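*Asks:* missing the sequence, but the structure's below:
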């Protein structure tokens, strides 16, 4: 029983060791050294691109937010204007109804002058009373529509002023962003071309690993130097033996804490040549 437990424990330790990606071997020493140099060159270019884009600050987000705000305000204004049109049409319909009722009343009053008995007179009186009620209802509806129209027109006036203010801010922000982009566009395009050229020199597998690490890091650093015996990305201390492995350039060593690719000063100097 004890032998089984020992064997099982040993297998668990071996499995754990396999799952911890600390060292990746990629072939001959010279090939590894060239790969490390290429990775650090690529990192240097990517860092320059990041710096160019950081200079734009929060302007792209501010411009996008202002554009969304302006679209929202314009949408509300359009909706209110559509409602006003419907109420205006309803108002016209009610006014036409009033005219029709008034015409009917005049007709019934004229007929009353020619009735032959009280029953006909009373019937016409009821028709006149009904048409007067219709006029009152139409008047009430017209007043309601006019109140709604006035309320929405006031709201539209406020929204239009707010929209004008935001559009002015948007123009200023856009002009500022366009100016910054114009200043850095050539530099960024040059760096992007250099980045693409450098990527073509790397193995697809190593490039994919580099991009994956870079995406997972907040500062975009996938390849870092060892500085003061610590990882240049997460600043965790690196054991002496691992530092020796890094300096030998026989293996690609990654930080066991943050997963970044580690290089020494020699590789950094070679990448600048």
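*Replies:* That came through fine. Predicted, not measured: the structure shown is a model, and the values here were computed from it.

*Asks:* Tell me where this protein has helices.
*Replies:* Ranges of helices within the chain are 2-19, 29-54, 59-112, 118-200, 204-216, 240-248, 265-271, based on DSSP state H.

*Asks:* Kindly reformat the ones you listed as JSON lines containing distance to residue 226 and mean pLDDT.
*Replies:* For every residue, glycine as well, the C-beta is placed using N, CA and C. Formatted as JSON lines, the helices of the chain follow (distance: least, C-beta to C-beta, whole Å; pLDDT from 0 to 100):
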{"stretch": "helix 2-19", "distance to residue 226": "23", "mean pLDDT": "40"}
{"stretch": "helix 29-54", "distance to residue 226": "12", "mean pLDDT": "88"}
{"stretch": "helix 59-112", "distance to residue 226": "35", "mean pLDDT": "93"}
{"stretch": "helix 118-200", "distance to residue 226": "22", "mean pLDDT": "91"}
{"stretch": "helix 204-216", "distance to residue 226": "16", "mean pLDDT": "92"}
{"stretch": "helix 240-248", "distance to residue 226": "6", "mean pLDDT": "91"}
{"stretch": "helix 265-271", "distance to residue 226": "8", "mean pLDDT": "90"}
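
*Asks:* For residue 234, find the nearest of those helices.
*Replies:* Set against residue 234 and scored by C-beta to C-beta, these come closest in helix 204-216, at 11.9 Å.

*Asks:* distance between the closest one and the chain's centre?
*Replies:* 25 Å (C-alpha atoms, centre = their mean, to the nearest Å).

*Asks:* tell me the most buried of the helices of the chain?
*Replies:* Among those, judged by mean count of other C-beta atoms under 10 Å, the one packed with the most neighbours on average is helix 29-54 (a mean of 18).

*Asks:* Show the contacting residues for the spatially closest residue to residue 169 that is not a sequence neighbour.
*Replies:* Distance criterion C-beta to C-beta, 6 or more residues apart in numbering; nearest residue to residue 169, sequence neighbours excluded, is residue 66 at 6.0 Å. Residues near residue 66 by C-beta atoms under 8 Å, 6 or more residues apart in numbering: 166, 169, 170, 173.

*Asks:* Tell me how the protein divides into domains.
*Replies:* The chain breaks down by automatic domain parsing into domains covering 20-54+203-271, 59-184.

*Asks:* of all the ones you listed, which lies closest to residue 195?
*Replies:* domain 20-54+203-271 (4.7 Å).
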